[in-house]
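In: Sequence and predicted structure are below.
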Amino acid sequence: MSSTEKKKMSKKKKILIIVLCVLLALVAAVVGAGVYALNWYCTDPEFTVTQTAEEVNLIAHRGFRAVAPENTAPAYEEAGKAGYYGAECDIYRTSDGVWVLHHDPVTYRMMDGCTNLEKHTYQELLEQTVDNGSNIESYPDLKVCTLEEYLQICKEYGMVPVIELKGKNNTEHYDEVIEIVNQYLDTNPIFISFQLDNLKKIRALSDLPCWYLVQEITEEEIENALSIGGSCGIDFNYSKEENTDDIIMKCVNTGMPVGAWTVDDPEAAARLSNLGVKYITTDSITK
């Protein structure tokens with residue numbers, strides 16, 4: 001073989017190079033997808049505020065988050081000024097026993113830190129500032145909102161508090177939530193959760209309204225909601241095509257209060273109202 005001839009690559013070496021190239025391509029794709037997903041997750045959507053004439057009870061989703069950062073005092077104040085029937089929030093308990101409002105278990109998406117709410121104290125959370133959400137530039141130095149602050153705002157504006165019990169933790173401390181509610185409110189709040197056991201824990205402590213959150217209404221989920229007993233209801237994801245007119249009406253016909261989330265289209269609100277759904281959780285629809 002002359003010195004100018006190239007040595008042939010072995011078959012095994014070729015296979016190894018191909019495998020490495022495929023793996024590198026997969027890693028690049030995963031990293032790219034992860035960066036895209038993280039960017040999407042942290043980007044607050046732009047909302048268009050619309051109106052409806054339907055006879056429905058509008059519930060501000062995480063407050064009026066179309067005009068102020070979600071789950072913050074300004075979002076609930078704006079909901080009150082807009083005349084919402086109710087205002088929905090999400091609650092977690094800090095490590096030192098303070099109930100605070102936040103949708104995610106960690107602060108990264110909405111604040112300038114990355115803290116697990118349940119593993120840190122309230123004072124540690126106050127070291128972070130809300131830096132994301134609608135019109136955030138109008139709310140400098142905005143801090144996490146407590147359950148007490150939220151309830152006070154709801155009371156001031158005559159809104160029904162709709163309190164989502166997040167996750168499966170801290171159910172042994174729900175008596176604290178009931179005590180806080182009784183201290184601040186003259187009217188009943190509505191408790192909601194995807195966790196049936198959370199609602200049954202509330203039911204064991206009080207007769208306050210408890211609504212079961214479901215993605216899809218099914219015969220089984222209707223029975224689950226009814227099993228809570230007392231003032232129980234169901235709140236479903238309106239965007240799921242499985243939630244047909246027939247199954248919605250079947251749910252309505254049980255006599256339970258029926259709500260739908262998250263409805264930002266007035267035509268969808270009209271359709272649901274015609275079916276008997278009178279509680280609409282929305283980011284942006286007003287009366």
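Out: Arrived safely, thanks for sending. This is a predicted model, so every value here is computed, not measured.

In: ok, which stretches of the chain are strands?
Out: Ranges of strands within the chain are 50-51, 57-60, 86-93, 99-101, 160-165, 190-193, 210-214, 232-237, 258-261, 279-282, 285-286, based on DSSP state E.

In: Out of those strands, which is closest to residue 71?
Out: Distance to residue 71, taken as CB to CB, is lowest for strand 99-101 among these, at 4.3 Å. Every C-beta, even on glycine, is put in place using the N, C-alpha and C of the backbone.

In: Redo the strands of the chain as JSON lines? Include mean pLDDT, mean neighbour count and distance to residue 144.
Out: Conversion of those to JSON lines gives the following (pLDDT from 0 to 100; neighbours: other CB atoms under 10 Å; distance: least, CB to CB, whole Å):
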{"stretch": "strand 50-51", "mean pLDDT": "94", "mean neighbour count": "12", "distance to residue 144": "30"}
{"stretch": "strand 57-60", "mean pLDDT": "98", "mean neighbour count": "24", "distance to residue 144": "18"}
{"stretch": "strand 86-93", "mean pLDDT": "98", "mean neighbour count": "24", "distance to residue 144": "10"}
{"stretch": "strand 99-101", "mean pLDDT": "98", "mean neighbour count": "23", "distance to residue 144": "5"}
{"stretch": "strand 160-165", "mean pLDDT": "98", "mean neighbour count": "23", "distance to residue 144": "16"}
{"stretch": "strand 190-193", "mean pLDDT": "98", "mean neighbour count": "24", "distance to residue 144": "21"}
{"stretch": "strand 210-214", "mean pLDDT": "98", "mean neighbour count": "23", "distance to residue 144": "23"}
{"stretch": "strand 232-237", "mean pLDDT": "98", "mean neighbour count": "22", "distance to residue 144": "25"}
{"stretch": "strand 258-261", "mean pLDDT": "98", "mean neighbour count": "25", "distance to residue 144": "23"}
{"stretch": "strand 279-282", "mean pLDDT": "98", "mean neighbour count": "26", "distance to residue 144": "22"}
{"stretch": "strand 285-286", "mean pLDDT": "98", "mean neighbour count": "22", "distance to residue 144": "26"}
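
In: I'd like the ones you listed as CSV, with distance to residue 183 appended.
Out: Formatted as CSV, those follow (distance: least, CB to CB, whole Å):
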stretch, distance to residue 183
strand 50-51, 35
strand 57-60, 23
strand 86-93, 15
strand 99-101, 12
strand 160-165, 13
strand 190-193, 16
strand 210-214, 20
strand 232-237, 24
strand 258-261, 26
strand 279-282, 26
strand 285-286, 30
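
In: between those strands, which one is nearest to residue 72?
Out: In terms of CB to CB, the element of the strands of the chain nearest to residue 72 is strand 99-101, at 7.5 Å.

In: now residue 83, nearest residue through space, not along the chain?
Out: Excluding its sequence neighbours, the residue lying closest to residue 83 (CB to CB, 6 or more residues apart in numbering) is residue 287, at 6.1 Å.

In: how near is the one you found to residue 228?
Out: 30 Å (CB to CB, to the nearest Å).

In: The two: who's more crowded?
Out: Each of residue 287 and residue 228 has its neighbours counted (other CB atoms under 10 Å); residue 228 has more, 21 against 12.

In: residues in contact with that one?
Out: 196, 199, 200, 203, 210, 212 (CB atoms under 8 Å, 6 or more residues apart in numbering).

In: go with 10 Å
Out: Contact analysis of residue 228 by CB atoms under 10 Å, 6 or more residues apart in numbering lists 191, 196, 199, 200, 202, 203, 209, 210, 211, 212, 234, 256.

In: For the last one, grab the count of nearby residues.
Out: Using other CB under 10 Å, the number of residues around residue 256 comes to 18.

In: leaving aside the residues next to it on the chain, what's closest to the residue sitting nearest the centre point of the chain?
Out: Nearest to the mean C-alpha position of the chain, counting by CA atoms, centre = their mean, stands residue 103 at 5.3 Å. Leaving out its chain neighbours, the residue that sits closest to residue 103 by CB to CB, 6+ apart is residue 90, at 4.7 Å.

In: Surely the one you found and residue 70 touch.
Out: Yes. Counting by CB atoms under 10 Å, residue 90 touches residue 70, with 8.9 Å between them.
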